[in-house]
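Enquirer: Give me the fold of what follows.
(one chain, ligands or ions: 2)
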Amino acid sequence: MAKIAREKFKTYGNVFDQFTLRNLFKLSSQGHFDELESPISIGKEANIFTAKREDDSRVIVKIYRLENCDFNRMYDYLKYDVRYTGLKSKRRDIIFAWAQREFRNLLKARQAGARVPLPITRLYNILVLEYLGDNGLIPAPAPKLKDKIPKDLQAFLDTVIATIQKMYRQGIVHGDLSEFNILNFNETPVIIDFSQGTTIESGNAHELLMRDIHNISRFFKKHGIATDETELIQWVMNEPTTKTTTTDKQRSRSNHNSGQSKIKGDQRINL
Ligand SMILES: Nc1ncnc2c1ncn2[C@@H]1O[C@H](COP(=O)(O)OP(=O)(O)OP(=O)(O)O)[C@@H](O)[C@H]1O
Ligand SMILES: [Mg+2]
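Expert: Ligands and ions are numbered 1, 2, ... in the order given. Predicted coordinates for the structure are as follows:
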């Protein structure tokens, strides 16, 4: 059994069902973490905790609730995913598939070279992921993009779009991209929350890609950077990687001319 006292986990008894509790023990005894800290987020479907490891480093433990989650909504998304076509509409199977899909999507995104949390392990409805943030006495997770506006908005936007393209080329679409699911980790975008991610062959992939691009465009527009959504989508889907954004060209021109790389906030991405 894990180093952690069973008593400690009992205090979570009113938060988790017995099945989840047992599997938290199991993960703990496998050395993935010692104890859960306070939840950092209670989402629509999942509770997210930081957890301390023996060496005082931290991981994220994302637990999909077996009760109080909208498994019908999950099923509606999963049934389009070609990886889950045979899935029966049974509550638990859907929730486990949902968590598994998030894990698989994260692996794919990493293969694509996207900056996303390292998926460490998954057991049924529980995911253990790399923690992004400060690791002091009290955890300070990296802020969401909505809460920390990047200093160089244009560079941040360029990286997000390039990341969407990398993932697309690896065969996946995030499906729930917005300022809520991008962390501003020391001025670098890290994309999280891949549960809605799907393969590009799936029936709703294009619709989800358009929505992702729309959400990103809307956010950056609000902060002074206009984009052309249609061109962005085309660029993500078709154009060779060597094609640079107008902004990139402008940046290199400006670098060449003045040695400066600062881009004005109102410049338009024109891909
Ligand atoms: N790897 C991570 N490192 C640091 N903080 C994280 C990490 N993953 C998630 N978080 C924090 O937890 C919050 C919720 O996580 P996430 O977006 O994955 O779940 P969610 O939106 O609650 O999921 P769902 O929509 O499925 O209920 C994030 O907004 C972020 O603040
Ligand atoms: Mg989220």
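Enquirer: does the residue of the stretch 51-200 of the chain found nearest ligand 2 count as helix, strand or coil?
Expert: Closest approach between the stretch 51-200 of the chain and ligand 2, counting by CB to the ion: residue 193, at 3.7 Å. Where you see a C-beta, it was placed from the backbone N, CA and C, and this is true even at glycine. Following DSSP: H, G, I helix; E, B strand; the rest coil, we place residue 193 in the coil state.
Enquirer: what's near enough to touch the closest residue to it other than its chain neighbours?
Expert: Nearest non-adjacent residue to residue 193, counting by CB to CB, 6 or more residues apart in numbering: residue 181, 4.3 Å away. By CB atoms under 8 Å, 6 or more residues apart in numbering, the contact list for residue 181 reads 144, 174, 191, 192, 193.
Enquirer: which of the residues you listed has the most neighbours?
Expert: Among the contacts of residue 181, the one with the most neighbours (other CB atoms under 10 Å) is residue 174, at 29 neighbours.
Enquirer: how near is that one to residue 93?
Expert: 24 Å (CB to CB, to the nearest Å).
Enquirer: Spell out which parts of the stretch 151-271 of the chain neighbour ligand 1.
Expert: 181, 192, 193, 195 (CB under 6 Å from any ligand atom).
Enquirer: what do you get if the cut-off is 5 Å, keeping everything else the same?
Expert: For the stretch 151-271 of the chain, the contact set with ligand 1 under CB under 5 Å from any ligand atom comprises 192, 193, 195.
Enquirer: per-residue confidence at the second one?
Expert: In this case it means residue 193. pLDDT recorded at residue 193 is 98.
Enquirer: What's the local residue count around the residue of the stretch 1-150 of the chain found nearest ligand 2?
Expert: Taking CB to the ion, ligand 2 has its nearest neighbour within the stretch 1-150 of the chain at residue 43, 6.0 Å off. Residue 43 is flanked by 15 other residues according to other CB under 10 Å.
Enquirer: can you check residue 169 too?
Expert: Using other CB under 10 Å, residue 169 is surrounded by 14 other residues.
Enquirer: Contact partners for it?
Expert: Residue 169 touches residue 112, counting by CB under 8 Å, 6+ apart.
Enquirer: Please name the nearest non-neighbouring residue to the residue most central in space within the chain.
Expert: Nearest to the geometric centre of the chain sits residue 192, at 1.3 Å (CA atoms, centre = their mean). Leaving aside its sequence neighbours, residue 192 sits nearest to residue 181 (CB to CB, 6+ apart; 5.4 Å).
Enquirer: quick one, phi/psi of the one you found?
Expert: Dihedral angles of residue 181 (phi, psi; degrees, to the nearest 10) stand at phi -110, psi 20.
Enquirer: Could you check the pLDDT of it?
Expert: As predicted, residue 181 sits at a pLDDT of 98.
Enquirer: Tell me the helix or strand right after the helix or strand where residue 99 lies.
Expert: Take DSSP states H and E as the rule and residue 99 turns out to sit in helix 91-111. Following helix 91-111 in sequence order, the next helix or strand is strand 119-123 (DSSP H and E).
Enquirer: Tell me which strands that following strand pairs with, and in which orientation.
Expert: When sheet partners are counted by DSSP bridges, strand 119-123 sits next to strand 126-130 (antiparallel).
Enquirer: now the partner strand, how far from the centre of its chain.
Expert: Relative to the chain's own centre, strand 126-130 is displaced by 12 Å; criterion: CA atoms, centre = their mean, to the nearest Å.
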